[in-house]
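K.L.:
Sequence first, then the predicted structure, then my questions.
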Amino acid sequence: MQPETRTLWVSFLIVAMTLGCQATGTVEDDDVGSDDDVGDDDTADDDTATDDDTGGDDDSAPPSNFALSFHEEENRALTEETTAVDLGEEFTVEFWFQRTGEMQSYLMDSRRAYALNDGNWAIYQVDSEMVSLTFFFVSEEGDKKLRGPDINDLGMGWHHLAIVCTGVGAYMYIDGMLEAYEEAAPIVWDLPAPLAVGHRHEGYPGGLEGGILDEVRLSTVARYNAAFAPEPVLQADGDTALLWHLDEGVGDVATDEVIGLDLALAGVQWVEAER
């Protein structure tokens, strides 16, 4: 090959390679416009929902799992009075909770205002007789208390609580393990009544302190009769009366998945909840 021909051929290759790199756009990001570069850190939001543009998305989907944090006595989460809390002779009340400090006061209360000892039930961590996680309920035999462990002896991570009533007794499961049993006749229902989450419906002590609640499910069946592995996210089925995932993340209302019953929120904080 003649020298002149060789020079022209090399020049052609250089030009072709340069044009090819510019055409593919796969070598390096130029940080401008709306290109689709592989190393994509443009200041404009340009291509997919998983890029890391500072002017658009942030390399991940927004949080989808939230919970309610209770930290002061004035915190409130309350439904209107409803007959939906009538769960029959056999039922299950369950939810996830996490301590953020010394946890005390009411986790849940379904008793009717001005008639706290006439029927229904409550779950709390305060008692003048014994400091323990307690399920109070009114049975056909009178007032009953199912006592579990001191909630503040549990670790700071997430825990699952299930109260199971069978019509002849009440059971308390923590993290899928049976912790307490109390023989009792069926519960007495006093309706219509509200459901208070994270506080006592009436009287002192009131709001829950030092705790986060999530995934509240009330069922019209005794779901558990032996040790079990709690589901991180509870699901609705034909036996579910009420279910709050508490994943709204904003606002002052949380809505139940089954019949659309609202929890009106006051003072509580939305927090991310990953388990």
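P.N.:
Nice, thanks for sending it over.

K.L.:
pretty sure F228 is touching G176, no?
P.N.:
Yes: between F228 and G176 there is a contact under CB atoms under 8 Å: 4.6 Å. C-betas here are computed from N, CA, C, even on glycine.

K.L.:
quick one: low-confidence parts of the stretch 51-200 of the chain?
P.N.:
51-61 (pLDDT under 70).

K.L.:
Which stretches in it count as strands?
P.N.:
Ranges of strands within the stretch 51-200 of the chain are 66-70, 76-78, 91-104, 106-109, 121-124, 134-139, 142-147, 158-165, 169-174, 177-183, 196-197, based on DSSP state E, counting those that start in this stretch.

K.L.:
With distance to R275 as added columns, please give those strands in a markdown table.
P.N.:
A markdown table is the format used below for these (distance: least, CB to CB, whole Å):
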| stretch | distance to R275 |
| --- | --- |
| strand 66-70 | 10 |
| strand 76-78 | 20 |
| strand 91-104 | 7 |
| strand 106-109 | 18 |
| strand 121-124 | 20 |
| strand 134-139 | 23 |
| strand 142-147 | 25 |
| strand 158-165 | 5 |
| strand 169-174 | 15 |
| strand 177-183 | 17 |
| strand 196-197 | 18 |
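
K.L.:
Among the ones you listed, which comes closest to V221?
P.N.:
strand 91-104 (6.6 Å; CB to CB).

K.L.:
ok so, going back, so for E209, which of the strands of the stretch 51-200 of the chain sits nearest?
P.N.:
Among the strands of the stretch 51-200 of the chain, strand 91-104 comes nearest to E209, with 5.7 Å by CB to CB.

K.L.:
quick one: buried residues of that closest one?
P.N.:
91-99, 103-104 (16 or more other CB atoms under 10 Å).

K.L.:
Please save the CA atoms from it in PDB.
P.N.:
Extracted in PDB, the C-alpha atoms of strand 91-104 (Å, rounded to 0.1, in the frame of the first residue of the first chain):
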ATOM      1  CA  PHE A  91     -62.200 -13.500  67.400                       C
ATOM      2  CA  THR A  92     -58.700 -12.300  67.000                       C
ATOM      3  CA  VAL A  93     -57.200  -8.900  67.500                       C
ATOM      4  CA  GLU A  94     -53.600  -8.500  66.300                       C
ATOM      5  CA  PHE A  95     -51.100  -5.900  65.300                       C
ATOM      6  CA  TRP A  96     -47.300  -5.100  65.100                       C
ATOM      7  CA  PHE A  97     -45.700  -2.800  67.600                       C
ATOM      8  CA  GLN A  98     -42.200  -1.400  68.400                       C
ATOM      9  CA  ARG A  99     -40.900   0.300  71.500                       C
ATOM     10  CA  THR A 100     -39.200   3.600  71.100                       C
ATOM     11  CA  GLY A 101     -38.600   4.000  74.800                       C
ATOM     12  CA  GLU A 102     -40.400   3.100  78.000                       C
ATOM     13  CA  MET A 103     -43.700   2.000  76.500                       C
ATOM     14  CA  GLN A 104     -46.800   2.500  78.600                       C
END
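
K.L.:
Distance from the chain centre to it, please.
P.N.:
Strand 91-104 sits 11 Å away from the centroid of its parent chain (CA atoms, centre = their mean, to the nearest Å).

K.L.:
Can you check what angle separates it from strand 134-139?
P.N.:
140 degrees (axes from the mean of the first three to the mean of the last three CA atoms, to 10 degrees).

K.L.:
nearest to L265, of the strands of the stretch 51-200 of the chain?
P.N.:
Per CB to CB, nearest to L265 of the strands of the stretch 51-200 of the chain: strand 76-78, 5.3 Å.

K.L.:
helices or strands up against the closest one?
P.N.:
Secondary-structure packing of strand 76-78 (3 or more CB pairs under 8 Å, 6 or more residues apart in numbering; DSSP states H and E): strand 196-197, strand 262-266.

K.L.:
close enough to count as contact, L68 and E215?
P.N.:
No: taking contacts as CB under 8 Å, L68 lies outside contact range of E215: 10.6 Å.
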